[in-house]
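Chemist: Take this sequence and fold it.
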Amino acid sequence: MTLIGMLHHRKDPRTVIKSYAYAAVAKAEGAKFVYFSPGTVNFVNSSIRGQVYENGKWVERIMPFPDVIYNTGSPEKLAKSRNIIQRLKEKIPFTTHSIGNKWNVNERLKEAKEFSNYLIPTEIVKDMGHFFKFVTAFERVVFKPIDGRKGKGIFFISKSDNGFLVKKDSESISYSKQQLNDLIASKLSTGTFIIQPYIQSTTKSGQVFDFRLHVQKNGEGKWVITTIYPRVAPMGSIIANINNGGFTNYLDPFLQQEFKEEAFNIKRRLEHFSLSLAKHLDELQMMHFGEVIDEIGVDVGLDENSKIWIYEVNWRPGCPPAFYLELDVVINTIRYAMFLAKNQTTITTTIETLKQEKMEGNKKPPIIAITGSAGKTTTKAFLASILSKKWNIFESKDYWNTTEHTKKHAAEIKPTHEAIVLEYGMAYPGVITEHCSIIQPNISIVTNIGLAHVGNFNGDITKVAHAKSELIHGMDQNGVLFLNKDDPNSTFLETENFKGKIITIGVNSAADYRAYDVKYEETGMNFKMKLGGQEISLFIPILGEHHIYNALNAIAVADYLGFTPMEIKLGLLFKKPPRRLTIYNCRDNITLIDDTVHSHPQGVKAAIDVLSNIGKNRKIAIIGQMRELGDLREEEYRKVGEYIFEKEIDLFITYGFRTEEMGKQAKVKGFPAKNIYHFTNKDELNALLVKIIKKDDTILVKGASKTNMFDIVKFIDQTFK
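Modeler: Now for the predicted structure:
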């Protein structure tokens with residue numbers, strides 16, 4: 001006869017009401033039942049001092065170790081006895097195991113494309129900057145504690161005309177940005193919080209609802225549906241949890257009322273989804289921890305297109321008293337416990353088989369190499385950010401793009417990496433060929449063909465394209481190549497003999513992935529595109545229309561690799577590479593733009609565009625040298641001067657050898673001579689800045705890192721802190 005042990009942190013079973021039901025059902029099913037707490041375990045003689053239910057009362061008995069244990073106490077309180085419980089697990093099968101908090105479950109589900117598609121993008125809030133980027137991108141968000149229970153501590157936050165609307169329970173309050181900053185900061189000081197886009201399911205009468213899917217394993221070890229029911233929030237509230245005043249309903253009449261002829265299909269979809277998800281989570285638990293799970297409660301919503309979204313997964317859900325289903329839950333639990341006790345060998349074999357299949361099923365990961373005259377690092381940062389939302393990736397460090405760096409990367413890449421994202425830099429012919437001989441990519445991106453390093457190619461742009469084409473020749477010839485349709489110089493790339501797939505991105509041209517409605521925001525760029533057959537609005541937290549192309553390359557690769565639009569949207573909220581159009585807000589409403597990593601004609605004009613677009617009053621451009629232009633230097637410097645005039649910049653300062661050519665050409669075009677300055681000495685330049693910078697000015701500092709233009713950024717920031 002199977003002995004089932006019920007483990008609980010409370011010593012007295014009379015304080016645990018459900019213990020009576022478990023004792024009664026165990027007896028009815030032909031099993032023995034004992035209630036015990038960790039402190040009663042004796043490992044010396046493999047016994048417990050437990051409580052058995054006899055003749056209507058609990059009686060203390062010394063019992064042998066159970067054949068199976070149902071772990072039902074509070075995880076927080078049982079944590080005090082972690083060592084005892086772990087030793088028990090080594091000897092006795094447990095029916096139920098924790099699948100972790102909201103964050104852990106999300107991370108596990110990302111492993112499978114079929115279920116990641118149902119996940120609402122979720123981030124742990126790192127800091128206030130991260131929080132506001134998320135709100136800017138998604139506009140309506142949910143902010144809640146990572147280990148929250150019963151709908152407690154949840155905030156619904158949305159952007160409004162005058163700031164932000166914050167809703168908690170049924171109360172709505174308008175906040176300024178500073179007030180919201182203070183509220184979120186105070187919450188973050190108390191613990192860990194997560195943030196998600198708010199996806200709302202609403203009844204015809206305007207009430208928020210969700211579905212609870214409750215599934216268990218039965219006496220044959222198979223997953224069965226215990227119940228599916230809607231939970232409806234009180235009018236005005238966003239929380240459908242019963243503990244917050246929400247109420248339940250029966251599934252069939254609710255679906256008929258809300259969905260009419262679609263009711264049957266939605267019911268079947270919910271049933272299939274609940275069983276499929278339970279099986280998947282069970283397999284993940286087996287592969288990761290060598291354990292099985294027996295019961296989950298999944299809270300899901302339906303958006304306006306009736307698409308299922310997972311709100312939460314609970315590993316030990318309660319059952320609503322209104323449906324009188326407690327006994328069904330207990331019967332399944334007891335029968336499964338008896339099955340588990342008798343089938344340990346079979347279950348252990350199943351776990352080992354799953355692990356072996358996973359090892360054998362590991363395929364060669366995508367190896368993605370990025371080259372181009374501009375945008376390599378930012379494209380890499382966007383793509384790595386997206387892919388890391390679901391995969392364990394290897395990402396090269398910013399600007400680590402020489403062949404020596406690639407050799408180091410080859411030694412650091414591990415079999416556990418599910419994707420590799422690399423930059424391949426090039427200043428001379430043959431360099432990219434060497435990159436590919438060290439690590440051959442199967443996916444390649446050429447961002448553009450520009451004038452960076454053109455001086456090393458006798459000023460011939462076609463020779464630059466020929467050197468960049470080494471990536472096309474050196475990659476897997478059946479791989480995938482991503483090209484910029486808007487870049488005229490990319491037509492010089494040698495694609496004729498490439499056997500793989502070519503995918504294009506663009507803004508102004510018809511391309512496979514095309515952005516439109518590009519707009520400047522306060523802290524980045526908004527744009528729209530078609531993704532997965534639907535129009536989607538996207539936000540990137542970096543200024544400049546040229547960065548839309550970098551984002552498009554990352555989006556195209558991620559979509560090709562099976563990432564969902566929501567995962568992509570979340571991944572675009574990347575950590576911006578340093579000194580790439582970084583904004584400093586100085587005193588007196590002075591805005592400073594730092595773009596002092598690389599400098600080439602394309603990048604200089606793009607930075608001037610940013611200055612022109614975000615400067616509300618006087619616009620000051622401080623432009624340094626552009627290296628390796630060779631014989632094209634004077635011509636390109638004159639073009640920059642003309643562009644400064646066209647963009648109606650107010651003050652133009654050049655720094656470095658021969659850069660006065662820019663100012664001269666600006667003057668020729670009609671730029672006021674009194675507003676043009678040239679320096680080869682930083683101290684003299686800085687002395688001028690102290691005199692001329694005024695309230696409300698916007699200042700761009702643009703130059704190559706080798707010219708140390710960042711010193712000017714630091715001076716302005718410290719002077720006007």
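
Chemist: show me where pLDDT drops low in the stretch 101-250 of the chain?
Modeler: Residue ranges of the stretch 101-250 of the chain with pLDDT under 70: 102-103, 110-114, 148-151, 240-245.

Chemist: could you pull out the strands for it?
Modeler: 123-124, 140-145, 155-160, 163-168, 171-175, 193-197, 209-217, 223-232, 247-248 (DSSP state E, counting those that start in this stretch).

Chemist: by how many degrees do the third one and strand 193-197 diverge?
Modeler: Calculated by axes from the mean of the first three to the mean of the last three CA atoms, to 10 degrees, strand 155-160 forms an angle of 50 degrees with strand 193-197.

Chemist: and strand 155-160, what does it pack onto?
Modeler: Counting by 3 or more CB pairs under 8 Å, 6 or more residues apart in numbering; DSSP states H and E, the packing neighbours recorded for strand 155-160 are helix 128-138, strand 140-145, strand 163-168. In this view, the C-beta of every residue, glycine as well, is placed from N, C-alpha and C.

Chemist: For residue 519, find the nearest of the ones you listed.
Modeler: helix 128-138 (12.2 Å; CB to CB).

Chemist: Skipping its backbone neighbours, what lies nearest residue 351 in space?
Modeler: Using CB to CB, 6 or more residues apart in numbering and skipping residues adjacent in sequence, the residue nearest residue 351 is residue 286, 4.5 Å away.

Chemist: so what's the backbone phi/psi at the one you found?
Modeler: The phi/psi pair for residue 286 (degrees, to the nearest 10) reads phi -70, psi -50.

Chemist: OK, contacts around residue 8?
Modeler: Residue 8 makes contact with 16, 19, 35, 36, 37, 72, 73, according to CB atoms under 8 Å, 6 or more residues apart in numbering.

Chemist: Look at it and report its pLDDT.
Modeler: We have a pLDDT of 94 for residue 8.

Chemist: The nearest residue to it once chain neighbours are set aside: neighbour count?
Modeler: Nearest non-adjacent residue to residue 8, counting by CB to CB, 6+ apart: residue 73, 4.1 Å away. As a burial measure, residue 73 scores 18 neighbours (other CB atoms under 10 Å).

Chemist: Quickly find the element holding residue 73.
Modeler: If you go by DSSP states H and E, residue 73 is not part of any helix or strand.

Chemist: quick one: it and residue 13 touch, right?
Modeler: No. Here residue 73 lies out of contact with residue 13, judged by CB atoms under 8 Å, at a distance of 11.5 Å.

Chemist: and residue 621, backbone torsions?
Modeler: Per-residue torsions, residue 621: phi -110, psi 120 (degrees, to the nearest 10).

Chemist: the helices in the stretch 301-450 of the chain, which residues?
Modeler: 326-342, 344-361, 376-387, 403-412, 431-438 (DSSP state H, counting those that start in this stretch).

Chemist: Please save the CA atoms from the second one in CSV.
Modeler: Backbone C-alpha positions of helix 344-361 (Å, rounded to 0.1, in the frame of the first residue of the first chain) are rendered in CSV as follows:
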residue,chain,number,x,y,z
GLN,A,344,9.9,6.0,-10.6
THR,A,345,12.1,3.9,-12.9
THR,A,346,10.0,4.7,-16.0
ILE,A,347,10.1,8.5,-15.1
THR,A,348,13.9,8.5,-14.6
THR,A,349,14.3,6.8,-18.0
THR,A,350,12.1,9.4,-19.6
ILE,A,351,14.2,12.2,-18.1
GLU,A,352,17.4,10.7,-19.3
THR,A,353,16.0,10.2,-22.8
LEU,A,354,14.9,13.8,-23.0
LYS,A,355,18.3,15.1,-22.0
GLN,A,356,20.0,12.9,-24.6
GLU,A,357,17.6,14.0,-27.4
LYS,A,358,18.3,17.6,-26.5
MET,A,359,22.1,17.1,-26.7
GLU,A,360,21.8,15.3,-30.0
GLY,A,361,19.4,17.9,-31.4
